[in-house]
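In: 3D model of this:
(one chain, ligands or ions: 2)
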Amino acid sequence: MNDNTIDSLRDALKHSPENTPLRLLLADTLLDLNRLEEAEAEYNMILKTSTNIKVKFGLATTFFKKGSYSACNVILEEVIEKGTTDVNILTLYAKALLKENAVSKAIETYKKALAINPNHSDEELDNQLRLKGHNEAEVVNEEIDNRFLQKPTINFSDVGGMDIVKKEIELKIIKPLLHPELYKAYGKKTGGGILLYGPPGCGKTFIAKATAGQVNAKFISVGLNDILDMWIGNSEKNLHEIFELARQNTPCVLFIDEIDALGASRSDMKQSSGRHLINQFLQELDGIDNNNDGVLILGATNTPWNLDPAFRRPGRFDRIVFVPPPDEVSRESILRLKLQNKPTTNIDYVSLSRKIENFSGADIDAIIDIAIELKLEASFIDGIPKPIDTSDLQNAIKKHKASTQEWFMTAKNFAMFANDAGLYDDILTYLKIKK
Ligand SMILES: Nc1ncnc2c1ncn2[C@@H]1O[C@H](COP(=O)(O)OP(=O)(O)O)[C@@H](O)[C@H]1O
Ligand SMILES: [Mg+2]
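Out: Numbers count the residues shown, from 1 in each chain. Ligands and ions are numbered 1, 2, ... in the order given. Below you'll find the model as predicted:
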């Protein structure tokens, strides 16, 4: 088939415009040649007089190729609702669902196609969904173990500042872990987690890891987007596996980052599968079916205002802790911590920490990195490594912009206009805005 074929088909159609099979051949050929606009026009023309399933499949494929996945799905859903057993249609639907991140539905659909024809396979779907036959569960588990289970080498002493956060973690999750009998004696309930929020780079992930090191526990760190992107089984199952991994490895700090991915903004969250994932999450947090003893749960988000309020109920993330950019004293201690194992001389920590207002811990990492690079360059000249001094860091500071301010522009609005029950008072206090 080539462009000449198209011309002859068009000629023939001029003489018999009502010849549907001929026009379908033209449309299919155009589709094959990726002449998508023309194909779409021909399919639409046929659909005026015919409801042939092949025509609909052709039009849906055209939309798929154009990246119009929802248009593709509208057509396919109508066909599938009528109970089609065409594996090609089901496969295309699964692919389009996957493009729209509706993973569990994609899996369900692809499985339906495989049930109809066990010999059918689609390489792309096989790869993305990683349906690995019978030992699927084992492969998945091992993969999850290796990917997420860590033994942290840092503890609270590696974290500069963050005194309030450390205290909160101490009281709310470390003490109950170490002295469960005392809590029991007073009939005080334990469980639930802490949700950390604040601008990026200010140590949310870092303190979670240090918490695990502090109590000599294992550490599982997972971003909610990882769970959504694992494509294996479905998101709810992935989430369950992660909680199970934590329960089997107690004591364990389970850190769940990017909790905001559960917010309503993601397109896949608008669908019912998003609601399922939220419910699954709440169920895992509550530990009703499974015991969460020995699992310390920490969550983090940059956008707490997107979080479903159900997460804040007692026994869930009932402590919401603001992790601000480090104050001057904290900046000094972070600087000291980060430079302690590096060659330095005569560092004026006080003046430096005053200069780096609004810098996050990650920004401090960055300026030290820049200073080292500048120093390395200078060392190449005579081959002698020279210690880092105050002026090196001052030069580095000039080359780096604090990364925390953008976050506050958004946060301020939420704190001022959507401050449910004073949830974000800490932000206002930090910004020195009186209510
Ligand atoms: N208080 C701190 N003390 C020491 N290092 C810090 C601190 N805050 C941030 N850092 C450094 O910045 C890096 C990024 O911090 P991270 O915890 O990933 O930020 P967040 O999770 O809040 O976005 C860390 O790996 C760590 O090296
Ligand atoms: Mg983080």
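In: Residue numbers of the stretch 51-200 of the chain in contact with ligand 1?
Out: 159-162, 200 (C-beta under 6 Å from any ligand atom). The C-beta positions use only the backbone N, C-alpha and C, and glycine is treated the same way.
In: can you pull the contacts of residue 321?
Out: The contact partners of residue 321, by C-beta atoms under 8 Å, 6 or more residues apart in numbering, come to 164-165, 168, 194-197.
In: If you drop the residues flanking it in sequence, what lies closest to residue 385?
Out: Distances taken as C-beta to C-beta, 6 or more residues apart in numbering place residue 379 nearest to residue 385, at 5.1 Å, with adjacent residues excluded.
In: so the one you found is in which element?
Out: Counting by DSSP states H and E, the element that carries residue 379 is helix 361-382.
In: Check whether that helix comes near ligand 2.
Out: No - if you take C-beta under 5 Å from the ion as the test, helix 361-382 misses ligand 2, and the best it gets is 9.0 Å.
In: Check which residues of the following helix or strand past that helix are buried.
Out: Scanning forward in sequence from helix 361-382 by DSSP H and E, the next helix or strand is helix 390-398. Buried positions in helix 390-398, judged by neighbour count with 16 or more other C-beta atoms under 10 Å: 390, 392-393, 396-397.
In: cool, stretch 373-382 as well?
Out: Residues 374-375 are the ones in stretch 373-382 that count as buried (16+ other C-beta under 10 Å).
In: number of nearby residues for the residue in the chain that ligand 1 sits nearest to?
Out: Of the chain, the residue with the smallest distance to ligand 1, taken as C-beta to the nearest ligand atom, is residue 361 at 2.0 Å. By the criterion of other C-beta atoms under 10 Å, residue 361 has 26 neighbours.
In: looking at it, residue 95 is touching residue 126, isn't it?
Out: No - applying C-beta atoms under 8 Å, one finds residue 95 not in contact with residue 126, separated by 11.5 Å.
In: circling back: what's the distance between the residue of the chain closest to ligand 1 and ligand 2?
Out: Residue 361 sits 11 Å away from ligand 2, going by C-beta to the ion, to the nearest Å.
In: Report how many residues lie close to the nearest residue to that residue once chain neighbours are set aside.
Out: In space, and not counting its chain neighbours, residue 361 is closest to residue 203: 4.9 Å by C-beta to C-beta, 6+ apart. Residues contacting residue 203 under the criterion other C-beta under 10 Å number 26.
In: Domain-wise, how is this protein divided?
Out: Domain segmentation of the chain under automatic domain parsing yields 3-124, 144-322, 328-398.
In: most neighbours per residue, which of these?
Out: domain 144-322 (a mean of 19; mean count of other C-beta atoms under 10 Å).
In: now the residues of the stretch 51-200 of the chain next to ligand 1 as JSON lines including pLDDT, distance to residue 148 and secondary structure?
Out: As requested, those are exported to JSON lines (pLDDT from 0 to 100; distance: C-beta to C-beta, whole Å; DSSP: H, G, I helix; E, B strand; the rest coil):
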{"residue": "159", "pLDDT": "97", "distance to residue 148": "22", "secondary structure": "coil"}
{"residue": "160", "pLDDT": "96", "distance to residue 148": "27", "secondary structure": "coil"}
{"residue": "161", "pLDDT": "95", "distance to residue 148": "28", "secondary structure": "coil"}
{"residue": "162", "pLDDT": "96", "distance to residue 148": "24", "secondary structure": "coil"}
{"residue": "200", "pLDDT": "94", "distance to residue 148": "22", "secondary structure": "coil"}
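In: Test my guess that residue 13 contacts residue 19.
Out: Yes - using C-beta under 8 Å, residue 13 makes contact with residue 19 at a distance of 6.6 Å.
In: now, which of the contacts of residue 321 sits nearest ligand 2?
Out: Using C-beta to the ion, residue 196 is the member of the contacts of residue 321 that lies nearest ligand 2, at 8.8 Å.
In: Kindly export the host helix or strand of that closest one (C-alpha atoms) in CSV.
Out: In this assignment (DSSP H and E), residue 196 forms part of strand 193-197. Once non-C-alpha atoms are left out, strand 193-197 reads as follows in CSV (Å, rounded to 0.1, in the frame of the first residue of the first chain):
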residue,chain,number,x,y,z
GLY,A,193,1.5,9.0,62.1
ILE,A,194,2.9,12.4,61.6
LEU,A,195,2.5,14.4,58.4
LEU,A,196,5.4,16.7,57.6
TYR,A,197,4.8,19.6,55.3
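In: Remind me what the helix or strand following it packs against, helices and strands.
Out: Downstream of strand 193-197, the first helix or strand assigned by DSSP H and E is helix 204-214. Applying 3 or more C-beta pairs under 8 Å, 6 or more residues apart in numbering; DSSP states H and E, one finds that helix 204-214 makes contact with helix 163-169, strand 193-197, strand 218-223, strand 252-257, strand 295-301.
In: Can you list the strands that the shortest one pairs with?
Out: For strand 193-197, the paired strands and their directions (DSSP bridges) read strand 295-301 (parallel), strand 319-322 (parallel).
In: Please tabulate these in a markdown table, including the columns distance to ligand 2.
Out: Output for these, formatted as a markdown table (distance: least, C-beta to the ion, whole Å):
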| stretch | distance to ligand 2 |
| --- | --- |
| strand 295-301 | 6 |
| strand 319-322 | 14 |
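In: Quick check: residues of the chain near ligand 2?
Out: 204-205.
In: How about the contacts made by the residue nearest the centre of the chain?
Out: Centre of the chain computed as the mean C-alpha position; nearest residue by C-alpha atoms, centre = their mean is residue 225, 2.1 Å away. Applying C-beta under 8 Å, 6+ apart, we find residue 225 in contact with 258, 261.
In: again, but for residue 2
Out: So residue 2 contacts residue 33 (C-beta under 8 Å, 6+ apart).
In: backbone phi and psi for the closest residue to residue 3 other than its chain neighbours, please?
Out: Spatial nearest neighbour of residue 3, excluding adjacent residues (C-beta to C-beta, 6+ apart): residue 33 at 7.2 Å. With angles defined as degrees, to the nearest 10, residue 33 sits at phi -90, psi 10.
In: The helix or strand harbouring residue 280 versus strand 295-301: what angle between them?
Out: Taking DSSP H and E as the criterion, residue 280 maps to helix 272-286. Interaxial angle, helix 272-286 versus strand 295-301 (axes from the mean of the first three to the mean of the last three C-alpha atoms, to 10 degrees): 140 degrees.
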